[in-house]
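Participant: here are the coordinates; sequence isn't available:
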C-alpha cells in the first residue's frame, strides 16, 4: 500500500520547503508516496465562508479521486501535511458521515461529474503516520546526525488538534515532541503549542494578526529555543516571514528560526540543506556545530 | 469607543428578526445554539475576542434574540480565524466556529458585510479563484486582495513578495487542475441540489 499524498495549494508556493523535506523524509523512511492525481483545493476556511455545500463537494471530489486512484482497495490512506487541508478534508468526511442529507446531495452531485465516494479514504497527517505507522524506533534508527543540543519549541497550531483530535491530545499534543526527542533534540515545555497564529489575519488585518503571531514567537524566544518546529504552512509563514516587522513594531529583540518538523527530521537523517528546502528560510538555522558545542546555547545574534 | 452611541443600541422587539436565531440554528448540528447558557467560555478562550466589536458570547445572545442587522454587519465573524478553541471548550457543545461561518455566508448572501474590510474580500477572491481554476494561487490572491482593499499596502508589501520570490516560495504562474470541466459539472450539480432542498423547505440554512 502506498500513501496518497495531498499537497494542497500552499505547499506549491510559500510552503515549498515543507513538500521538499516531507518527500525526502518519506524516501529515507522507505514510505511509498503517490501524489493524488489532479487534486483540487480542499475548500478550506476562506472558501467555506462563501459556500458550505460546494466546500464539501470540493473535498468530496478529492476523496473520490483518492478512492479511484487506490483502485477501490479498502485500505486507502491519504497523507495530508497542510493543517488547513487536513481539517478541510476531515471536516467534510465527518459531515458526510454524520448528516445523511448532505451526503445524499454531495453524492448526487459527484455522480453527475462521474465520480463515486464511498467513505473509505482515511485522512492522516504525517505526524500521525510517522509516530503510529512508522514508529519512533524506526525513525531513530535512520538517524545519522542527531539534533543534539538543539532546543526545539514544537508548535502544532489550531487545526491539527481542533475540533477533531484524531491522533494526539487536544490540549497538550506530544507527537512532534516525541519525534524530536527520538532524534536527539531537547524539546522545551511551553504553553502556546496550540494557540492560534492569526491565520490569514496577518495579511489582511495586520494590527491584529501580527500581535497573535508575536505572542507565540516571543514566548518561544523567552524560553530560549533554537528553533520553532511547525506542521502547517500558514503557521510557518506567519511566524517566520513577518519577524522583521514584529521587531520594528513590538521590539522582538532577535530572531527565531521557524522550520517544518520534517526539515529537522531530514537534518537528523543527514540529508542536504538544499534537498530539505532549508535555503528557502528567511531566518537561517544556527550552525549545527556551534549549537552542539555550546550544548544548546543560543546562537542568535 | 470615543463616543457613547447608546441611543443606536436600543432595539424594540418590532425591529428584531424573530426567525434569525432558528435560521442560524438550522446549520448541521446547529440546534445546540439554542441551548447556550451564556457562560462566556467562548469569549474567554477566543484569542481574538479583545479585538472584536461583540464577543462570541454576545454574538450568540444577539443571534438568539434576533439582532440580525447588527450581527451580519459586525466585524466579529470576520475576525474569527477558525481556530476552533470555542467549539472545543463549549460546555454545551455548540459548534461556535460553524455558527460564525453561517453568519459570514449569510452576510455575503445579503451583501451586508463591512465593505472594504479585507477578510470578506479575501474570502470572495479565494472563492472566485477556486471556482475558476480548482486551486488557489497565493501570489494572485494577494495581489487581487490589495488591489481591492488598499493598493498602497501592496507597495509596502513588495519587499516581502520579492523575498518570497527570490527563495522560490512565490511563483508567477496560475495553479490550475486538469479536470476543470468535471469540476464545473460538480459545482452546477451541487448548486442544483442545494436549490432543490431549499425549495422543499427542509432547508433554509445559510
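Facilitator: Structure's in. What do you need? Note that the structure is predicted; figures quoted are calculated from it, not measured.
Participant: Nearest the middle, which residue of the chain would you pick?
Facilitator: No chain specified, so I'll use chain A. Residue closest to the mean C-alpha point of chain A, counted by CA atoms, centre = their mean, is residue A:231 at 2.7 Å.
Participant: My guess is it contacts residue A:158. True?
Facilitator: No - the pair residue A:231 / residue A:158 is not scored as a contact, 11.2 Å apart, by CB atoms under 8 Å. No exception for glycine: its C-beta is placed from N, CA and C like everyone else's.
Participant: wait, what's in contact with residue A:131?
Facilitator: Listed by CB atoms under 8 Å, 6 or more residues apart in numbering or on different chains, the contact set of residue A:131 reads A:167, A:175, A:178, A:179.
Participant: Just the local confidence number for it, please.
Facilitator: pLDDT, residue A:131: 97.
Participant: Among the contacts of residue A:131, name the ones in helices.
Facilitator: Counting by DSSP state H, the part of the contacts of residue A:131 found in helices is A:175, A:178, A:179.
Participant: Hmm, the second one is touching residue A:137, no?
Facilitator: No - Residue A:178 is beyond contact range of residue A:137, at 11.4 Å (criterion: CB under 8 Å).
Participant: Can you give me the neighbour number for residue B:70?
Facilitator: Residue B:70 is flanked by 20 other residues according to other CB atoms under 10 Å in any protein chain shown.
Participant: Could you list the low-pLDDT ranges of chain B?
Facilitator: Within chain B, the stretches with pLDDT under 70 are B:1-2, B:200-206.
Participant: Make a ChimeraX selection of the buried ones in the ones in helices among the contacts of residue A:131.
Facilitator: Listed next is the ChimeraX selection for buried residues among the ones in helices among the contacts of residue A:131, using 16 or more other CB atoms under 10 Å in any protein chain shown:
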select /A:175,178,179
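Participant: and of the ones in helices among the contacts of residue A:131, the nearest to residue B:20?
Facilitator: Residue B:20 lies nearest to residue A:175 out of the ones in helices among the contacts of residue A:131, by CB to CB, at 42.0 Å.
Participant: what separates that closest one from residue A:129, distance-wise?
Facilitator: 10 Å (CB to CB, to the nearest Å).
Participant: again with residue B:98
Facilitator: Separation of residue B:98 from residue A:129 (CB to CB): 28 Å.
Participant: the more surrounded of those two?
Facilitator: residue B:98 (23 against 20).
Participant: so who does that one touch?
Facilitator: B:27, B:28, B:29, B:30, B:87.
Participant: 10 Å instead, please
Facilitator: With contact set as CB atoms under 10 Å, 6 or more residues apart in numbering or on different chains, residue B:98 has these partners: A:48, A:52, A:91, A:95, A:163, B:24, B:27-30, B:33, B:82, B:84, B:87.
Participant: residue with max distance from the center of chain B?
Facilitator: Here the centre of chain B is the reference, and by CA atoms, centre = their mean the most remote residue is residue B:166, at 33.2 Å.
Participant: ugh, wrong one, I meant chain A
Facilitator: residue A:112 (33.5 Å).
Participant: coming back round to it: need the residues touching each of residue A:175 and residue A:129.
Facilitator: residue A:167.
Participant: rewinding a little: what is the nearest of the ones in helices among the contacts of residue A:131 to chain B?
Facilitator: Closest approach between those and chain B, by CB to the nearest CB: residue A:175, at 17.9 Å.
Participant: I'd say the closest one and residue A:125 touch.
Facilitator: Yes - taking contacts as CB atoms under 10 Å, residue A:175 lies within contact range of residue A:125: 8.7 Å.
Participant: Mutual contacts of those two, please.
Facilitator: With CB under 10 Å, 6+ apart as the test, residue A:175 and residue A:125 both reach A:131, A:156, A:160, A:161, A:167, A:168, A:231.
Participant: which two from these end up farthest apart in space?
Facilitator: For the shared contacts of residue A:175 and residue A:125, the farthest-apart pair by CB to CB is A:131 and A:161; their separation is 13.8 Å.
Participant: hey, what's in contact with both of those two?
Facilitator: Contact criterion CB under 10 Å, 6+ apart; residues shared by residue A:131 and residue A:161: A:125, A:167, A:168, A:175.
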